[in-house]
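Asks: generate coordinates for the sequence data below:
(chains A and B)
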Amino acid sequence: MSNELNKDDVFQAEDLNLLKETLFEKEKLDKEEQLRKPIKSIAEKWLLIPAFLKLRGLVKQHIESFNFLIEKELSKIVAANDKVTCDADQSFYLRYLGIRVGTPSIEEDLVISKVTPQECRLRDLTYAAPIYVDVRYTRGKEVLIRKDVAIGRIPIMLRSSHCILTGKKDGQLASLGECPLDPGGYFIIRGTERVILIQEQLSKNRIIIEEDKKGNYCATVTSSTHERKSRTSLVYKSNNIYLRHNSLVDDIPIWIVFKALEVESDQEIVQLIGLIEEEYRSYYFLLNHKKECISRHVQNRNEALEYIGSRVRLFRKGYSFRRSTIEEAQEVLAGVILSHIPTYQHNFRNKSIYLAFMVRRLLTVAENLTTVDDKDYYGNKRLELAGQLLSLLFEDLFKKFNADLKRHADMVLSKPNRAAQFDIVKCMRPDTISVGLENAIGTGNWTVKRFRMHRAGITQVLSRLSYIAALGMMTRITSQFEKTRKISGPRSLQGSQWGLLCPSDTPEGESCGLVKNLALTAHITTDAEEEPLIRLCYILGVEDATLFSGDELNNPSHFRIFLNGKFLGIHRNASYFANIFRFLRRKGAIGEFVSIFVNEAENVVYLSCDSGRICRPLIIVENGKPKVTQQYIEQLERNQLEFTDLVQQGLVEYLDVNEENNALIALSEENIEPCSTTHLEISPLAILGVCAGVIPYPHHNQSPRNTYQCAMGKQAIGFIGYNQHLRTDTLLYLLTYAQKPLVNTKTISFIKYDELPGGQNAIVAVMSYSGYDIEDALILNRSSLDRGYGRCCVVRKHAFGLRRYPNGTCDRVCRPPSFSESSERTHMKFACLEEDGLPKVGGRLSPGQAYVYKETPMDTMTTMTSQQSIQQVGYRPQPFFYKGPDDAVIDRVVVTSNASTHALIKVMIRETRTPEVGDKFSSRHGQKGVCGLIVPQEDMPFNEQGICPDIIMNPHGFPSRMTVGKLLELMAGKAGVLSGEFKNGTAFDGDPLEDCASLLVQHGFSYTGKDFLYSGMTGEPLQAYVFMGPIYYQKLKHMVKDKMHARARGPRAVLTRQPTEGRSRDGGLRLGEMERDCLIGYGASMLIMERLMHSSDAFTAHVCRQCGLIVSKDWCPTCGNSLQIRPLKIPYACKLLFQELQSMNIWPKILLEERNAS
Amino acid sequence: MSSSLHRYVHIGSRTPTNTEGMYASSVYRAIGIDHSLDLETFLNQLQLRLVKNSEEEIILELVGVAAPLINALRRILFAEVPTMAIEYVLISDNTSVIHDEILAHRLGLIPIQADPDGFQDYRKGEEPRENNTIVLKLQVECKQNPQARPGAEPEELYINSNVYSRDLVWEPLGNQLEKFGKNGIRPVSEDILIAKLRPKQRIELEARCIKGIGKEHAKWSPVATAYYAMLPQVELLQDILDEDARRLIQKCPMKVFDLEDMADKKHSYVEQQQPISHVIAKVVEPRRCTLCRECIREEV
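Replies: Sure thing, here's the model as predicted:
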């Protein structure tokens, strides 16, 4: 509110004079001497980043976007669709007066109760809040107002303004079963946590010059309004320009379009387009156009409209009322083509000016004055977040909801005599909206009818493998490009992504470069009001374009002003306008995220306040001095200041990608140029994202290694949250003794990775040992494993519901037979169960034992008449047996109920694992390896202090990988251990090697980090000094226990009788085509026979020699005898093929010969 | 020369050299040295001195022993000396945040003060008896401390918030009490943290120690670590004077070298011409040397 008042104050014209004076006052101060002084660097200026993160949080973009939807966008949507009428009764109406979202709750047995997110996770519920509307409507003759009518439920994003967790202290969160470090920003749909990924798109309503498939230049605008999305192109081909649009059958020469848009004189058209750099050449095309117009008999507006109207593609089929072609053309020109430029009462002036500007831009490219626009340039991208995506969906559902209401009203009111009065509020069915939203988020399928949009994979299940994995998912951006296309442009790192997207964090393989991650300080804007900005622009001297002639528009000193792609007008002094604009923004009169970008080449000023722009904070530099000084940093440190204060005081501002073009940003204080520098980076470490921020000394690594670590950090086992033991995830990996990394980075402490770590500090000796360390394999110390290194818990959920059947019977969990039978076998099988049929918590479960004794009714179909007959129904036992390789422990049993089933039982089964040969480990430098050998401690080398390595790593891992950061981590870690402190390995910063090395010397270790080791086996010193010290190692989720597989005998597929496929079905190992080729080449025909038939699906078929068909053993129905039936061994699949052929009326004949007696 | 070659490992700035010993009896026969090992000469040459013998540390100084022999000792200490350690844990209640298996694992690693000679090996499935098992009991429950100031540390807020090894209570079986005495069997250290509890959480269990060796699991290893280092000998190959000497002394972090006035020594040829104020570096404490090679580091 106060902000708005401020705006009004500043908009007063009188104040502007004062403002100008202050501006010029500043310029006077620019004294030469002052500028020559060296700029003191601001110590600890990186402290701005934690301040920023404290304000914004790591997932603030998601939460802010969702808040915007709930608080502003919903009411806008309702206001746009606020009336429901009825065709049958003209007096009937229903009008929405307002909309609100309540607090998250559930309705059970007509009781509405509040829910916590944790309850939703445990009970497989949806964390959603009801949407209430106030309505005014007619019931019979009266007009009623009803408040708080629920129209549906909207899933609530965790930690958003309507979530019950917001504003809670750590203690309160703990009592709600919530981890205080959990970032929120996701939804809980039927118990699973789902994230709406950030979607990257080309920006809407902006002119982009590109080459089309045929190599013609074209200027394209994707117009997007609430109602419609459409694409308008101007194509430059064979020296002519044509308008191309989906709703037009044919390309229309631009001259005709101009004529149709009320620019009838040729001179005016030329003037509107304007001269380009005094080039007359380009106007040859005008002549062509003129000719074309004449040839097509289009001279005036009516003829032009007629021409266009006859080429309009008609989408409405069988629509009763038809318009004339002229009306049709006008309608298309007004509403469909360039629909984001509004036309009021068929005044096409704005549109023609816009179109002329498009032509002008197209011509500059066609005449090689500039090049085509870069589509991959990040200023041309917009990021769609949860809020925007949900608003698209909600509007669609709301329209459907209203349409349903209308249909219902039509149906009821058209009936001549009704028993009761029609009350529409009673007919509101909240399911349309609730189910629609829940299903969309639950499956990730986004279907918006009005844009004919159908996208899959918008949401994903939040990965809870490690804390980093969850965080990394929240900052992930996916783009709409097809993954299969082999194009490098959209995949490669763009210069304009600096500071906004992490240069390291992207997957390898098909989606490389298409899936990106936000950098640490990147922020995504939400929509801001346009109205006050437009008013401000006019006050600041923007003149309405419709008042100008074409000549004046194209005057090189006049700048066109665009706001969010809409043409506002002309300004005569762009730099002055931009200066004042920025001044006002720094004073807080305009929203902090509004950007202004002066494009000198195009003579255009672009203002944007739309949503989805990506921006980042920078320190403002004025007169060669950064405005944030040491004093502010100290205040930040003492918590006397917040980041918002710095923004409000105009010391720090957000720049988006486009505005960065008008700025000169210094990387550090030394780089500040006295006159030209406008901004200063906060800290270079902020160019990295969350995942890459965990790597120590990443600037010393070969860059793909950092990318590999970004992918692997997400697979590392560690702590996932303070509530990890309360969670019921399907699969949970927990490291027992996770440690804080010895070599820290600033990012680690910002994101609190050190509180939920994902690895352990291991003493690593870089040397070869035993030959079991080839191909990056690691040697582990058995004693370290005995003492708990790499020990982890694997907790698996086994959930099932007790179903209720239509006839009233239902599943039950009951007393297992071991309590009544005394057989040894039964006792063994049900040893883990208690009398209620559920397992003992803490009990040991062996493979093959039951963990739940469930029974299902034998008869679920016939309707039961009385309670008694329900009780009399028989039950069939259906116990669940544990199928694991090893003994496990029952961790927890959750008995609850969800919305649909009678009861929901979740049994969490836990397994504790120590590392074994074949388990995968990795350091933080993209260096993964499996354990190759576990060696007893007495065989391990040791140094003069008796220190023995936990891990031996082969030095061949270094030269080709060039992970110098790992060497530095070892040095820093060793120095840290000896001096008893955590070392800092932040990107572009970090403790220098020299300091670490001299610390080593102080403690009596070699400067090189290499120790003098004795062989544990011979007792003699090793022949080389060995580089040894602590390195943080992650245990990755890939463990042999989950993968090892072998089979001698086992299940077979029913249809083909061949062995099943895959480990989960205890399948066979396939002898594939290539292996078969080898055997053929070798000539081992009997082996092929054995592998492909005898060991697979051998079958003895009986064949009748007379007819050649497969018949039964002792009768051939075709021949009517059994004289010539012989047994034959063929693959069952072959027999199947013959029978299938027979079923298609094909007679496959098997011709047999008697085997030679010899 | 020959004897020094076979007695010393040379610490080079880049690599150690002469690391391999020669153990065959005939290796030095050509130069007239009998290298064969017989018990008598070995015992004659062997010098053993106890440098330190405390509760937690024993330091021995051995002269006249080659690497393989002392290494064998080291390896035996690690892997083959029996001790008692907790192997079976019968948990009757554990409501702490630590899983049963992890708790049992932690208990197993607690060193138990008990003379393993008094016990026999326990074979699986055997009845626990006085001659093969030690029984320890642990029974703790965390409670709110009524006297605690609000907002204090958890240690003060709650009673039994931390479970330590001292909470393990020995329950003598049979004649164990007479055999080992009242305090004869206990955890070596009292302050080993086993678990942390919060109000209403409790642990109740019985832990059984059995005899075992380090080869099976590190918990039966009687030593935290056992190691040896060769006796360092630091020799200055030439006189290091004045500034160089001071720099050398500065460089050595372990203070192996010291300065000495040259006046006292009738040492080298420079004596006559130079004034008395000269100093020379001397090796004073070669045993302090940690082989950091700082003194022989080659500047790059």
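Asks: which stretches of the stretch 201-300 of chain B form strands?
Replies: B:202-212, B:257-261, B:279-283 (DSSP state E, counting those that start in this stretch).
Asks: er, the stretch 51-200 of chain B I mean
Replies: B:58-63, B:83-94, B:112-113, B:134-141, B:143-144, B:158-159, B:162-164, B:169-171, B:186-187, B:193-196.
Asks: the fifth one close to chain A?
Replies: No: with Cβ under 8 Å from any Cβ of the partner chain as the measure, strand B:143-144 is seen stopping short of chain A, the closest distance being 15.5 Å. Backbone N, C-alpha and C define where each C-beta goes, glycine included.
Asks: what sits up against that strand?
Replies: B:157, B:158, B:159, B:160, B:199 (Cβ atoms under 8 Å, 6 or more residues apart in numbering or on different chains).
Asks: how far away is the first one from residue B:150?
Replies: By that I understand residue B:157. According to Cβ to Cβ, to the nearest Å, residue B:157 and residue B:150 sit 8 Å apart.
Asks: neighbour count for these two, which is higher?
Replies: residue B:157 (16 against 5; other Cβ atoms under 10 Å in any protein chain shown).
Asks: I'd like to check which residues are in contact with the more buried one.
Replies: Counting by Cβ under 8 Å, 6+ apart, residue B:157 has contacts B:144, B:145, B:148.
Asks: report the buried members of the residues you listed.
Replies: Listed as buried from these are residue B:145; burial here means 16 or more other Cβ atoms under 10 Å in any protein chain shown.
Asks: so what's residue A:184 closest to, chain neighbours aside?
Replies: residue A:159 (2.8 Å; Cβ to Cβ, 6 or more residues apart in numbering or on different chains).
Asks: neighbours around the closest residue to chain B within the stretch 201-350 of chain A, how many?
Replies: Closest contact between the stretch 201-350 of chain A and chain B, by Cβ to the nearest Cβ, is at residue A:201 (45.7 Å). Residue A:201 has 16 neighbours, counted by other Cβ under 10 Å.
Asks: am I right that residue A:157 is in contact with residue A:64?
Replies: No: the pair residue A:157 and residue A:64 fails to qualify as a contact (Cβ atoms under 8 Å) at a distance of 10.2 Å.
Asks: between these two, which is the more surrounded one?
Replies: residue A:157 (29 against 23).
Asks: could you tell me how far that one is located from residue B:170?
Replies: 56 Å.
Asks: try residue B:125
Replies: Residue B:125 is 24 Å from residue B:170, by Cβ to Cβ.
Asks: out of those two, which sits in the more crowded spot?
Replies: residue B:170 (22 against 5).
Asks: what is the neighbour count of the closest residue to that one other than its chain neighbours?
Replies: Spatial nearest neighbour of residue B:170, excluding adjacent residues (Cβ to Cβ, 6+ apart): residue B:185 at 4.9 Å. Counted with other Cβ under 10 Å, residues neighbouring residue B:185 total 24.
Asks: so residue B:185 sits against residue B:112, correct?
Replies: Yes: with contacts counted by Cβ under 8 Å, residue B:185 reaches residue B:112, the gap being 6.9 Å.
Asks: domains of chain B?
Replies: Using automatic domain parsing, the domain parsing of chain B gives B:10-79, B:83-212, B:242-296.
Asks: what's near enough to touch the residue sitting nearest the centre point of chain A?
Replies: In chain A, the residue lying closest to the centroid (Cα atoms, centre = their mean) is residue A:197, at 2.3 Å. Listed by Cβ under 8 Å, 6+ apart, the contact set of residue A:197 reads A:458, A:459, A:460, A:473, A:476, A:477, A:478.
Asks: list just the nearest of the residues you listed to residue A:1089.
Replies: residue A:460 (47.8 Å; Cβ to Cβ).
Asks: that closest one bridge partners, please.
Replies: residue A:195 (DSSP bridges).
Asks: how far away is it from chain B?
Replies: The gap separating residue A:460 from chain B is 30 Å, by Cβ to the nearest Cβ, to the nearest Å.
Asks: neighbours around that residue, how many?
Replies: 16.
Asks: please apply the same query to residue A:138.
Replies: 18.
Asks: can you pull up the bridge partners for it?
Replies: residue A:143.
Asks: pretty sure residue A:1004 contacts residue B:290?
Replies: Yes: contact criterion Cβ under 8 Å: residue A:1004 and residue B:290 qualify, at 3.7 Å.
Asks: more neighbours: which of those two?
Replies: Counted by other Cβ under 10 Å, residue A:1004 and residue B:290 do not tie: residue B:290 has more neighbours, with 21 against 18.
Asks: tell me the confidence at the more buried one?
Replies: Listed pLDDT for residue B:290 reads 90.
Asks: so it versus residue B:122, what's the distance?
Replies: Distance from residue B:290 to residue B:122, by Cβ to Cβ: 43 Å.
Asks: try residue A:435
Replies: 63 Å.
Asks: with residue A:396 instead?
Replies: Distance from residue A:396 to residue B:122, by Cβ to Cβ: 72 Å.
Asks: and what of residue A:568?
Replies: Shown here: residue A:568 relative to residue B:122, a distance of 89 Å by Cβ to Cβ.
Asks: pull up the overlap in contacts between residue A:1004 and residue B:290.
Replies: Joint contacts of residue A:1004 and residue B:290 (Cβ under 8 Å, 6+ apart) are residue B:254.
Asks: can you read off the pLDDT for the residue nearest to residue B:244 when sequence neighbours are not counted?
Replies: Computed as Cβ to Cβ, 6+ apart, the closest residue to residue B:244 that is not its neighbour in sequence is residue B:281, at 7.4 Å. In this prediction, residue B:281 carries a pLDDT score of 89.
Asks: let me see the contact set for residue B:281.
Replies: B:236, B:239, B:240, B:241, B:244, B:245, B:248, B:249, B:257, B:258, B:259, B:260.
Asks: show me what it is bridged to.
Replies: residue B:259.
Asks: against residue B:293, how distant is it?
Replies: 17 Å.
Asks: helix or strand for the closest residue to residue A:263 other than its chain neighbours, which one?
Replies: Nearest residue to residue A:263 in three dimensions, chain neighbours excluded: residue A:352, at 4.9 Å (Cβ to Cβ, 6+ apart). Taking DSSP states H and E as the definition, one finds residue A:352 inside helix A:349-366.
Asks: pLDDT score assigned to the spatially closest residue to residue A:400 that is not a sequence neighbour?
Replies: Residue nearest to residue A:400 in three dimensions, not counting chain neighbours: residue A:432, with 5.9 Å by Cβ to Cβ, 6+ apart. What the model reports as pLDDT for residue A:432 is 87.
Asks: next SSE after the helix or strand residue A:432 falls within?
Replies: In this structure, residue A:432 sits in helix A:431-443 according to DSSP H and E. Where DSSP H and E defines the elements, the next helix or strand beyond helix A:431-443 is strand A:446-448.
Asks: run through the residues that contact the residue nearest the centre of chain B.
Replies: Compute the mean C-alpha point of chain B, and by Cα atoms, centre = their mean the closest residue is residue B:225, 3.9 Å away. Contact partners of residue B:225, counting by Cβ under 8 Å, 6+ apart, are A:942, A:946, A:947, A:948.
Asks: just to revisit the earlier point, what packs against the helix or strand containing the residue of the stretch 201-350 of chain A closest to chain B?
Replies: Per DSSP H and E, residue A:201 falls inside strand A:198-202. With contacts defined as 3 or more Cβ pairs under 8 Å, 6 or more residues apart in numbering or on different chains; DSSP states H and E, the packing partners of strand A:198-202 are strand A:381-384, strand A:476-479.
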